[in-house]
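# Model the structure of this input:
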Amino acid sequence: MGAVRTALGMQSTGLVSYAAALLILGRWPDVEPGQVPYAVALGVLGVISVSALYRALALGPIAVVAPVVASYVAVTVLLAVIFLGERLSAGQIAAAAVVFVGVVLTSTDARQLRATLGRPIPGVQVGLIATVGFGVWGAVFAAATRAYSWAVMILLLRMTSFVLVGAYILARRIDIRIFRDRRALALAATVGVLDTLANALFGLGIATGFASITATGSGAYPIIPAILGVFALRERLAPNQYVGIGVLAIGLVALGAVS
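Predicted structure coming up:
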């Protein structure tokens, strides 16, 4: 349905569902002036990073772009160590490294990667923008949740993202009548709710532990589409991707054991 319209549907449904959940649970937060700069920074970083991701995947090839973007975890961990003063044990560093290797293997199709060797690879430069953007987003979100409740930060960043995407659509006069189709609306709503839930769990993880450990665990997301692709879409993964799933599982178990 188009990257911009998808983003609008995701941000709007995510915002509405999250706000409704806060109201139902009686946990509507008070907004403080110091939270606004964090919300604006997170909203801008999020919109830029997601836009860069969509553009990079459109340019392809996915076999190269996906592992580049997935490496955002390393950026978040590095920034958390430098600016948040987090210190990992040798066991945690080793487990995190295993998870990172698993992420790269799972998100890469070595067969397609070999076919691109020696040729210019479109999308990598844009993918690097997404990598840095997501990595910095994770570090800023961690800093925000150290100072304020993650619940209010998610609400504010959703509001900021919705305003940014909505303003872009109005300025470019992009047609959004596609959402009259119930299937398109349902798809956007599902993505928005799941993305907001992921942000909430990410915030909860940071609030109860190290941001670097939480970010490393969140980087394991390629295992989900890989498994769903096999069972739901009857796709056949590359041999290295099966290895990556195993390495990723081992790394996550080890990370949980030493954290």
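# quick one, helices of this protein?
Applying DSSP state H to the chain gives helices spanning 3-24, 35-59, 62-70, 72-83, 90-106, 110-116, 124-147, 150-172, 182-207, 211-218, 223-231, 239-258.
# quick one: contacts of the first one?
Identification of contacts with helix 3-24 by Cβ atoms under 8 Å, 6 or more residues apart in numbering yields 1, 28-29, 47, 50-51, 54-55, 58, 151, 154-155, 158-159, 161-162, 165-166, 168-169, 172, 174, 176, 178-179, 184-185, 187-189, 191-193, 195-196, 200. All C-beta spots, glycine's among them, are computed from the backbone N, C-alpha and C.
# Tell me the buried residues within these.
1, 47, 50-51, 54-55, 151, 154-155, 158-159, 161-162, 165, 169, 176, 178-179, 184, 187-189, 191-193, 195-196 (16 or more other Cβ atoms under 10 Å).
# what sits against V99?
Neighbour list for V99: 73, 216-217, 219-220, 248, 251-252, 255 [criterion: Cβ under 8 Å, 6+ apart].
# same thing but at 7 Å, please
Under the criterion of Cβ atoms under 7 Å, 6 or more residues apart in numbering, the neighbours of V99 are 216, 219-220, 248, 251-252, 255.
# From A151, how far off is it?
27 Å (Cβ to Cβ, to the nearest Å).
# Same check on I129?
Distance from I129 to A151, by Cβ to Cβ: 29 Å.
# How confident was the prediction at the closest residue to V152 other than its chain neighbours?
Computed as Cβ to Cβ, 6 or more residues apart in numbering, the closest residue to V152 that is not its neighbour in sequence is P29, at 3.8 Å. For P29, the pLDDT comes out at 84.
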